[in-house]
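**Q** Below is the sequence, then the predicted model.
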Amino acid sequence: MTTRMSVSELEAFLDKVFPQIHYGGRTYFIEEVGPLTARMRCDYHERHLRPGGTISGPTMMALADLALYVAILAQIGPVELAVTTSLNYNFLRKPGQCALIAEARLLKLGKRLAVGEVLLTSQGESDLVCHATGTYSIPAGR
């Protein structure tokens with residue numbers, strides 16, 4: 001299976017339809033896409049911190065959601081209204097004070113639904129900080 005959108009095409013699409021994710025400066029980056037996969041990075045920044053100096057849950061949740069969206073779009077093309085219908089997060093350990101890496105993998109890509117999982121780690125570490133699963137609704141006639 002080949003991808004329908006490259007990293008640069010995906011970045012341009014996100015910049016156009018979701019410019020707000022870069023408010024205050026760019027911290028989310030698409031590192032690579034492949035058949036049913038995407039790898040993203042969220043750079044460490046103080047705006048992503050919670051009390052105690054660790055990266056916040058909402059930051060991890062946003063990265064996981066975005067990584068699944070990117071993995072789906074890489075396969076189906078620029079579909080703005082592919083939307084999240086469910087997400088589940090298991091926070092496993094405190095992330096380090098460094099970038100977060102998201103490895104997204106689609107488990108099912110159908111005509112109307114996509115299901116996937118995301119493994120989040122601190123950059124340079126192998127232990128998971130969060131495991132997420134999600135389902136997206138894909139509009140008809142994409």
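**A** Structure's in. What do you need?
**Q** Which stretches in the chain count as helices?
**A** Secondary structure of the chain (DSSP state H): helices at 7-17, 57-76.
**Q** Just the mean pLDDT for the longest one, thanks.
**A** In this model, helix 57-76 has an average pLDDT of 97.
**Q** Enumerate the positions of it that are buried.
**A** Under the neighbour-count criterion of 16 or more other CB atoms under 10 Å, helix 57-76 has 59-76 buried. Where C-beta positions appear, they are placed from N, C-alpha and C, glycine not excepted.
**Q** Go ahead and produce CSV holding the CA coordinates of that helix.
**A** Presented in CSV, the C-alpha positions along helix 57-76 are these (Å, rounded to 0.1, in the frame of the first residue of the first chain):
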residue,chain,number,x,y,z
GLY,A,57,-2.0,15.1,29.5
PRO,A,58,-3.8,17.4,27.1
THR,A,59,-0.6,17.8,25.1
MET,A,60,-0.1,14.1,24.9
MET,A,61,-3.8,13.7,23.9
ALA,A,62,-3.5,16.3,21.1
LEU,A,63,-0.3,14.7,19.8
ALA,A,64,-1.9,11.2,19.7
ASP,A,65,-5.1,12.5,18.0
LEU,A,66,-3.1,14.5,15.5
ALA,A,67,-0.9,11.5,14.7
LEU,A,68,-3.9,9.3,14.0
TYR,A,69,-5.4,12.0,11.8
VAL,A,70,-2.1,12.3,9.8
ALA,A,71,-1.8,8.5,9.4
ILE,A,72,-5.4,8.4,8.0
LEU,A,73,-4.9,11.3,5.7
ALA,A,74,-1.7,9.9,4.4
GLN,A,75,-3.7,6.9,3.1
ILE,A,76,-7.0,8.6,2.0
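**Q** between that helix and helix 7-17, how big is the angle?
**A** 120 degrees (axes from the mean of the first three to the mean of the last three CA atoms, to 10 degrees).
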